[in-house]
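K.L.:
Predicted model follows, preceded by the sequence.
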Amino acid sequence: MADTPVLTLNNGITMPQIGYGVFQIPEADTAAAVTSALEAGYRSIDTAAVYGNEAGVGAALRDAGIPRDELFITTKVWNSDQGYDEALRAFDASLARLGLDHLDLYLIHWPTPKHEKYLDTWRALETLYEQKRVRAIGVSNFFPEHLRAVADLGGTVPAVNQIEVHPALQQRAVQAAGAELGVVTEAWSPLAQAGVLDDPRVTSIAATHDRSPAQVVLRWHVQQGRVVIPKSVTPSRIRENLAIFDFELTPAEIAEIDGLERDGRTGPHPQHFN
């Protein structure tokens, strides 16, 4: 973690700028994958209740023997657990599966606007934050109107909004709304599920720097101030994804990658997913 830059969140705590995501890793494979990530040097791990692998993350953390204050652990409350009391119970269940006594970041996974429960869920997260059971609270997949509705409650402003961001889907309006409120953008699917890695503009830049296309795209993210959570179960790629802090893209190269925007969403649309 000492070699990984950190970003300071709006409540003053720091978060590693790159973490290891465990989305779609089967429970049986999660402990080994997280162990590989920790051995490579990752100290930020991102999971969620709906992934079904929190226990595997917890097993890897216990076996690693890394001091708790060197780790940054994130999980998320799922849609079916939204609501004040429901979210509090979901938090307890996630914490038990992880085998931890506190979290570093707890997120509302989706706004699920049809059910109109995300504000009550946010109040539950504020309670957990006030109880110091979580060091920071945030949201995921929130659009500007959802962010502003939470901010308008007049309490805690989300520290993070974890959204799908990659060169083919840059969500500039969502990022701008977050920046106005002091919310850090965290990119899930930062490589567009490999959908941009064979683009000639990316491969050309990669050749210039003698880097992989994935490293170039991850570097594009971090130079613009985002947190990224790439996922791989291949130890060599896990290590490769972390090795992005010893080179720099030029402004022209950043602009070239910016030009890949095509509204290439790979996941659900937040306005319609409930």
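P.N.:
Structure's in. What do you need? Numbers count the residues shown, from 1 in each chain.
K.L.:
Now do the strands in the stretch 51-200 of the chain.
P.N.:
72-77, 105-108, 137-140, 160-164, 184-188 (DSSP state E, counting those that start in this stretch).
K.L.:
which outside residues touch the fourth one?
P.N.:
This points to strand 160-164. 9, 15, 46, 105, 107, 136, 138-142, 147, 171, 174-175, 178, 183-189, 227, 229, 265-267 (C-beta atoms under 8 Å, 6 or more residues apart in numbering). Heads up, the C-betas are built off the backbone N, CA and C, glycines and all.
K.L.:
Could you give the number of residues near D263?
P.N.:
D263: 8 surrounding residues under other C-beta atoms under 10 Å.
K.L.:
try I238
P.N.:
Considering only other C-beta under 10 Å, I238 is surrounded by 22 other residues.
K.L.:
need the contact list for it.
P.N.:
Per C-beta under 8 Å, 6+ apart, neighbours of I238: Y20, A33, S36, A37, A40, Y42, S232.
K.L.:
Identify the residue nearest the fifth one in space, chain neighbours excluded?
P.N.:
When the adjacent residues along the chain are set aside, A40 lies closest to R239, with 4.6 Å between them (C-beta to C-beta, 6 or more residues apart in numbering).
K.L.:
can you check D120 too?
P.N.:
Distance criterion C-beta to C-beta, 6+ apart; nearest residue to D120, sequence neighbours excluded, is Y84 at 4.6 Å.
K.L.:
what's the answer for S36, then?
P.N.:
Nearest residue to S36, sequence neighbours excluded (C-beta to C-beta, 6+ apart): P235, at 4.6 Å.
K.L.:
how far away is that neighbour from G195?
P.N.:
Computed as C-beta to C-beta, to the nearest Å, the P235 to G195 distance reads 23 Å.
K.L.:
What distance do you get for the residue nearest to D120 to K76?
P.N.:
In this view, Y84 and K76 are 17 Å apart by C-beta to C-beta.
K.L.:
hmm, who's touching the helix or strand hosting E39?
P.N.:
If you go by DSSP states H and E, E39 is part of helix 27-40. Outside of helix 27-40, the residues within contact range by C-beta under 8 Å, 6+ apart are 20, 22, 25, 45, 52-53, 55-57, 59-61, 63-64, 66, 233, 235, 238-239, 242.
K.L.:
average model confidence for that helix?
P.N.:
The average pLDDT within helix 27-40 is 97.
K.L.:
Return the distance of that helix from the chain's centre.
P.N.:
Between the centre of helix 27-40 and the centre of its chain there are 17 Å (C-alpha atoms, centre = their mean, to the nearest Å).
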